[in-house]
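Novice: Requesting a structural model of the entry that follows:
(chains A and B)
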There are 2 protein chains.
Amino acid sequence: MSLNPLLIQSSTGDCKIHMQSLHDFDLWLPNGVTSVLVFRDNKIPEHCSTPLQATCEERGIPFKMENLQGGEGLKDPKGWQNIIEVMGQASLDRAGRVVVMGGGSLGDAVGFAASVWHRGTPWLAIPTTLLAMVDAHIGGKTAVHQGGVKNRIGSFHLPEQVIVDRSLLATLPLEERRQGWAELIKAAWLSDTPLLHQLENDADAISEDLIPSPEVLRSAMSVKVSIVNEDLHESGRREILNLGHTLAHALEMEAIRNGSFLPHGSAVSIGMVFSARLAKECGVGSDEHVPRLIQLLQKVGLPTNMGPLDIDQVLKALHSDKKTRGGQLRWVLPVNPGNVIVDTVESSRVRRVLENLERDS
Amino acid sequence: MSLNPLLIQSSTGDCKIHMQSLHDFDLWLPNGVTSVLVFRDNKIPEHCSTPLQATCEERGIPFKMENLQGGEGLKDPKGWQNIIEVMGQASLDRAGRVVVMGGGSLGDAVGFAASVWHRGTPWLAIPTTLLAMVDAHIGGKTAVHQGGVKNRIGSFHLPEQVIVDRSLLATLPLEERRQGWAELIKAAWLSDTPLLHQLENDADAISEDLIPSPEVLRSAMSVKVSIVNEDLHESGRREILNLGHTLAHALEMEAIRNGSFLPHGSAVSIGMVFSARLAKECGVGSDEHVPRLIQLLQKVGLPTNMGPLDIDQVLKALHSDKKTRGGQLRWVLPVNPGNVIVDTVESSRVRRVLENLERDS
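Specialist: Numbering: from 1, shown residues only, chains lettered A, B, ... in the order given. Down below sits the predicted model:
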């Protein structure tokens, strides 16, 4: 693999994304840092954070580590405000660094807290889940829940460095890895690189341990980096990364309302199938792509059918979504692999496809 | 007066500051805005917001107004989260605009809420207090309280436009205007323009109604704009704007702890006198400046003596302040008008000057 980091460029400071071993942590902790505060998912084996502590000890930098239970609860007001409390207790100042060692929920909650601590404290991201490696920790979008609404508030706050150590994937349960494949397949569908073909060819091998090869991992990360570089603040092009997410967020909210839980990757998987069907309904998507997408998602064991749900409630949840402009819900519609359009869709069509999705897939 | 707006330049979008009548609101509301949500201090007479509503009605833009009680309570978690709730109820989306019509606390709380709503929703500021005109609404720093700590979290979120209508000053109580003079005198002390001399010459006339002339107002605003332009994200030069504020925040926190309240301008006034004495103690300030500063502050009726306070508690509050770097508290020390230095100071010196301040001023 190339050792060149991927780069997200920003007027307020670039973000470098390294595919390297955590043992080289010393290379990425900037000089002049006065303290390091690590937030670690308590599911990560302890030895994984040893190189971080060793680097700080060698350099004489005060080091603190807080173990957190990953998951949506971290993004509730109590969760992220507790992170702020820990930052206060650690006397973290503007020359300190926050390090996140975990998945998407840690990145969202700690990244948000870092963005409002001293009006923006630099952070380093160490994604430990596949989902965080190919999506959540890349691009600087943070979000937390507020007033019972998922991801209601947030910020753009790019990490200074992202260190992607693929060996961490093996420390997590298979189910956790499976969730990441939804974003990886999304990246493949959005790109016009050979990534989609490679996934289709390798599907049998992949489905065994659900650990992508270094090449596939880097390709998927590159897709996201390239889209983010075109539109850091999501005023246009970046919107296409919401493929599958508009319905996914509504399904996740609806699951919470019912006292159950739908993992993000599963929700995105169902959402992508829905988008492909909606594209067909709108006359912009072709017949062949829906089964092709379903086949790939099913190969890695992701759901493609939303099961029995209250469609009126799903529609209600859809309309409280952030992804509106002038009150209109915008959908990312896959036309061909590598080609999506973003548009509004009549609500009668959305309802019709929802009704069919429940029965069909 | 020149009609040219003052300009704060930022890589994420400039901020234009107009000294104009609110009747020209139509000129500053950008085209393409899909909705307008105004947060108004309920002390502002109703007719002041008429031009805003009229502009929206003429253009067919949905308009909503929420009246808020200004003050520190708005910056408590309940306060700013209620603002988020109002944004949700108004279905404010990324093409909408938030308008703040009020003083510093509204700017801080609503500005913060706008910065995390859709990861940054554009806002327009209409400062109605002298303090907000010369300081709070200029520069994009927002802050709210968290876990009982004042201004613990915040963001940099420049308003798109600031409309400074000097006629609004007459609608507010004299005491409210008095508070603004602390920041105005601070600006004069930081600049090497003729502003300080003008204030000293006009002090008798000023002390009558405490309304600055348009020239003085614009000069004070220009001082802040010029410093902010040199260092938008407070990584260096902007720190000098904290003149008087290091002690001020500690005094405000200490007052709250005692169940009382110290207005921000009064706290800054005491803090500036303290800084001038500390500069002298450190051998960088000259003898003549302390009485000169005290005379000007007293002319507008601001306090220069902190009264009986628990010095140990004040020192404790000082060290929980944001303005530290590597755990060291940094002080803005006035050398001469137009010349300050920022440095750490031994805590024994800080204590000695605090003890003398209590007795002397």
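Novice: for the closest residue to A:Leu210 other than its chain neighbours, what are its contacts?
Specialist: With Cβ to Cβ, 6 or more residues apart in numbering or on different chains as the criterion, A:Leu210 has its nearest non-adjacent residue at 4.2 Å, and that residue is A:Arg177. Heads up, the C-betas are built off the backbone N, CA and C, glycines and all. For A:Arg177, the contacting residues are A:Thr129, A:Leu130, A:Leu169, A:Asp209, A:Leu210, A:Ile211, by Cβ atoms under 8 Å, 6 or more residues apart in numbering or on different chains.
Novice: Extract the residue ranges of the stretch 1-150 of chain A that are flagged as low pLDDT.
Specialist: When residues are selected by pLDDT under 70, those of the stretch 1-150 of chain A lie in A:1-3.
Novice: That one against chain B: which residues are in contact?
Specialist: A:11-12, A:34-35, A:77, A:81, A:84-85, A:88, A:91, A:93-95, A:113, A:115-120, A:141-143, A:146-147, A:149 (Cβ under 8 Å from any Cβ of the partner chain).
Novice: In the stretch 151-300 of chain A, what residue comes closest to chain B?
Specialist: Using Cβ to the nearest Cβ, the closest approach of the stretch 151-300 of chain A to chain B is made by A:Ile153 at 4.0 Å.
Novice: likewise chain A?
Specialist: Closest point on chain A to chain B, by Cβ to the nearest Cβ, is A:Ser11, at 3.2 Å.
Novice: What backbone torsions are found at that residue?
Specialist: phi -70, psi -20 (degrees, to the nearest 10).
Novice: In contact with it: list those residues for me.
Specialist: Contacts for A:Ser11 (Cβ under 8 Å, 6+ apart) come out as B:Ser11, B:Thr12.
Novice: that older thread, any idea how far the residue nearest to A:Leu210 is from A:Leu190?
Specialist: Using Cβ to Cβ, to the nearest Å, one obtains 21 Å as the distance from A:Arg177 to A:Leu190.
Novice: now do A:Glu355
Specialist: 27 Å.
Novice: Next: A:Pro45.
Specialist: 33 Å.
Novice: what's near enough to touch the nearest residue to A:Leu106 once chain neighbours are set aside?
Specialist: In space, and not counting its chain neighbours, A:Leu106 is closest to A:Val100: 5.2 Å by Cβ to Cβ, 6+ apart. By Cβ under 8 Å, 6+ apart, the residues touching A:Val100 are A:Val38, A:Phe39, A:Leu106, A:Gly107, A:Val110, A:Gly111, A:Trp123, A:Leu124, A:Ala125, A:Ile126, A:His137, A:Pro159.
Novice: pretty sure A:Val100 belongs to a strand, no?
Specialist: Yes: according to DSSP: H, G, I helix; E, B strand; the rest coil, the state of A:Val100 is that of a strand.
Novice: For it, name its beta-bridge partners.
Specialist: Counting by DSSP bridges, A:Val100 forms beta bridges with A:Phe39, A:Ala125.
Novice: returning to what we had before: same drill for A:Glu355 and A:Leu190, tell me which one is more crowded.
Specialist: Using other Cβ atoms under 10 Å in any protein chain shown as the criterion, A:Glu355 and A:Leu190 rank with A:Leu190 on top: 24 against 11.
Novice: Out of the contacts of A:Arg177, which sit inside helices?
Specialist: Among those, the members found in helices (DSSP state H) are A:Leu130, A:Asp209.
Novice: Sweet, I'm off.
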